[in-house]
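In: build me a structure from this.
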Amino acid sequence: MGMSRDSEHTAGSLSRQGSAASSPDGSEPKAANRSKANIRVSLACVQCRSKHVKCDATLPACNRCQQEDKPCFYAKSRRGIRDPKKRSLISDKPPATSAGSFLPTNFSSGSPSVQSLSLHDLPTGWSVNSAPSAASSSKNEKDLLIDLFYNHFHPSHPCLPPKRFFGNHVEADPDSYHFLLSVINFCGSLYSDSIPSDDLREAAFSAACASLPFTVQSVQGLLILSIAAFGEMKFEHHTGWANRAATIAVELGMNQKTFADRTTDSVLAESYRRTWWCLTFQDSTRHLGDVGSTLSITDVDSDVDLPCEEWEYDSGIIPQPISQSQYETQVNLGQSDFSSMAYLIDICKIQTDLVLPYHEAPENKKAEIFERADSRICDWLRRVPKWKMNLVDPDGVVDVVLYHGISIAHVNRLRLRQSAPRSGLNIREYFPLGPAKGPDRKGQMVKGFGWNSHPIDIQAANGYCDLFRHPFPTKTLRAVFAAGTLRVILAYLDACVFLGLDSPIFRERINRLTQILTVHGETWPLSRKIAEDVKAVAKEYLTPRISQSWRPGISESEAWTTVTSLHETPNLTPNFGFEPYQQVYQVEGWSMNDTWSANLTDIYQA
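Out: Below you'll find the model as predicted:
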């Protein structure tokens, strides 16, 4: 889709605006104009990277830093350095004599950004020796809302510049960020018990319904607000703002590689790429909830480069991005060293191209689409490196982006196998339909009636549950997390109600996932509503067990708790000690090393 003359003019002015903005170190980086013929050094010190100049990577100090008499050190990478000799020489902390000298030059001692800089604002492995001043410890409400947004919302939707760079752009041009800041303030308030959201919501909604300039900041504000509207079950608002964000983005030309390349500030350029991809995520994952038609951007031609790793983005040291074609070529060659965002983009493409059209395809085409989709999802799960699959690095940093990618993969395997009419978010209406081609509820009452188990369904649901062995802060998970979790709960309910595989373990998992949804529902009404509906369906369809535990003088909720406690076993082992259900967990070499319930304290933390 081409741009109009007006939009070309707008995009051009936007590019000039981006050129005028300072880079993280106040210099004029020329990474965008770098010749492809130049040889890239895989290891470069922080001083040279921040200036976008060539580094000879001499250890322990490069020649440039020695000549300029500057401290030389190297940022700690999650990948590490393969050469053990080089790795032993690398210090990821600046010399103690100049604790603050490693910060970019535009973060001078007089800048308010330095005063509010905390340890979690820095790249993994970096630290600041100086203690924060008393003035910086007391934040006003506006700063607190921005902190809440970046701590809880941003990790799952990392399209805005990192917080310390974002503040500089706001100070330089506050008028351009007025609408976006109103959205950030509203979203931040959702994570606070002390700051009311009503007035902030009204301000953000009113601004979104008014005239907005055709800028990236407007696209980002509308995108974030549409995500929040989905979580708050305001689906008409969600659809309208998602449509508007996509329209402005395409008019600006954000779907074209050249849009970001025109911006000389590398952090802003990365933010523009991420904004486009977050738009495509939202366009794809909204189908999981099936809450209304949205302007689809999947048919828009796009050659936007792939985003970098999160730690690189946070540090402001943005490497040369790879293109989509380069990614595909390297995948075909068996390479697997890509950013978490690149993997998330890939699984979302599989979802859009194959999984979502599956139920709408003619019957004679479904088998072919099913095999292609399931095969590509399994291939994706195999390609993600094992060290990335751990999701938590040795420093305790959680890879929330890749978590969403893996969860999408498991949920889509379930989506392929669940009945097409069972779509949407109202489990009370469509659960009686049963699984794909499943029996009517009365069928299980017929003597001799039986259905073959579907172990792949259980494997996918178990794989999803395995993710919660990691200590994820529940509040950072996306609002659409509720829709995916509902699919997993359906798999266990199907096993208990329709497939003759009723198990205390499955009942326990339904209960635990419902608890997680309830905690997530403290922020997002959608999760709270789904948790309530699941409880109602479980109460109705698993009634026999509950009725056996009920007695006069106790409530139904107490009876449900009694049922759950009766089916819990201390010190669960991989085979759970339930021999009748052993076949469910060990099929075709599948082994469940289930310990996720042991980390519920971490899962429920704020």
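In: where does pLDDT dip in this structure?
Out: 1-43, 50-52, 74-139, 287-296, 437-455, 543-606 (pLDDT under 70).
In: rerun at 80
Out: Scanning the chain for pLDDT under 80 picks out 1-54, 57-60, 67-139, 284-299, 394-396, 420-421, 433-455, 470-473, 499-500, 543-606.
In: tell me the domain boundaries of this structure?
Out: Dividing the chain into domains by automatic domain parsing, as the record does, gives the ranges 1-24+142-304, 27-105, 322-417, 441-606.
In: next, count neighbours for residue 144.
Out: Using other Cβ atoms under 10 Å, residue 144 is surrounded by 16 other residues. The way it works is simple: take the backbone N, C-alpha and C, and place the C-beta from them, glycine included.
In: may I ask you to confirm that it is in contact with residue 191?
Out: No - the criterion here is Cβ atoms under 8 Å, and residue 144 misses it with residue 191 at 10.1 Å.
In: what is in contact with these two at once?
Out: Counting by Cβ atoms under 8 Å, 6 or more residues apart in numbering, residue 144 and residue 191 have no common neighbour.
In: which helices and strands sit right next to the one helix or strand residue 487 maps to?
Out: Element membership for residue 487, per DSSP states H and E: helix 481-497. In terms of contacts (3 or more Cβ pairs under 8 Å, 6 or more residues apart in numbering; DSSP states H and E), helix 481-497 is packed against helix 266-289, helix 400-417, helix 427-430, helix 455-466, helix 504-520, helix 525-541.
In: format those helices as CSV; extra columns: distance to residue 206 and mean neighbour count.
Out: Output for these, formatted as CSV (distance: least, Cβ to Cβ, whole Å; neighbours: other Cβ atoms under 10 Å):
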stretch, distance to residue 206, mean neighbour count
helix 266-289, 22, 24
helix 400-417, 31, 23
helix 427-430, 34, 15
helix 455-466, 39, 22
helix 504-520, 28, 21
helix 525-541, 21, 19
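In: quick one: which of these is nearest residue 333?
Out: helix 400-417 (21.2 Å; Cβ to Cβ).
In: what helices or strands is that closest one leaning on?
Out: Using 3+ Cβ pairs under 8 Å, 6+ apart: helix 400-417 touches helix 266-289, helix 340-350, helix 363-383, helix 455-466, helix 481-497.
In: of these, which is nearest residue 328?
Out: helix 340-350 (9.2 Å).
In: quick one: contacts of the closest one?
Out: 158, 274, 277, 280-281, 284-285, 306-310, 322, 327, 373, 376-377, 380, 384, 388, 399, 401-402, 404-405, 408-409, 412.
In: the stretch 101-250 of the chain: strands as residue ranges?
Out: Taking DSSP state E, counting those that start in this stretch as the criterion, the stretch 101-250 of the chain carries no strands.
In: which parts of it are helices?
Out: 112-115, 134-137, 141-148, 163-172, 178-189, 198-209, 216-231, 235-252 (DSSP state H, counting those that start in this stretch).
In: dump these to a markdown table, plus distance to residue 522.
Out: Shown next, in a markdown table, are these (distance: least, Cβ to Cβ, whole Å):
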| stretch | distance to residue 522 |
| --- | --- |
| helix 112-115 | 31 |
| helix 134-137 | 27 |
| helix 141-148 | 14 |
| helix 163-172 | 24 |
| helix 178-189 | 13 |
| helix 198-209 | 17 |
| helix 216-231 | 12 |
| helix 235-252 | 20 |
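In: winner for burial among the ones you listed?
Out: helix 216-231 (a mean of 26; mean count of other Cβ atoms under 10 Å).
In: helices or strands up against that one?
Out: By 3+ Cβ pairs under 8 Å, 6+ apart, helix 216-231 packs against helix 178-189, helix 198-209, helix 235-252, helix 266-289, helix 525-541.
In: which of those sits closest to residue 60?
Out: Short answer: helix 266-289, nearest of the helices and strands packed on helix 216-231 by Cβ to Cβ, at 26.5 Å.
In: let's see the closest one as CSV, backbone CA atoms only.
Out: Backbone C-alpha positions of helix 266-289 (Å, rounded to 0.1, in the frame of the first residue of the first chain) are rendered in CSV as follows:
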residue,chain,number,x,y,z
SER,A,266,19.3,4.1,16.6
VAL,A,267,17.1,3.7,19.7
LEU,A,268,14.2,5.5,18.0
ALA,A,269,14.7,3.5,14.8
GLU,A,270,14.5,0.3,16.9
SER,A,271,11.3,1.6,18.6
TYR,A,272,9.7,2.2,15.2
ARG,A,273,10.5,-1.3,14.1
ARG,A,274,9.1,-2.7,17.3
THR,A,275,5.9,-0.6,17.1
TRP,A,276,5.1,-2.1,13.7
TRP,A,277,5.7,-5.6,14.9
CYS,A,278,3.6,-5.0,18.0
LEU,A,279,0.8,-3.9,15.7
THR,A,280,1.1,-7.2,13.9
PHE,A,281,1.1,-9.1,17.2
GLN,A,282,-2.1,-7.4,18.3
ASP,A,283,-3.7,-8.0,14.9
SER,A,284,-2.8,-11.7,15.1
THR,A,285,-3.5,-12.5,18.7
ARG,A,286,-6.8,-10.7,18.8
HIS,A,287,-8.2,-13.6,16.8
LEU,A,288,-7.7,-15.8,19.9
GLY,A,289,-10.5,-13.8,21.6
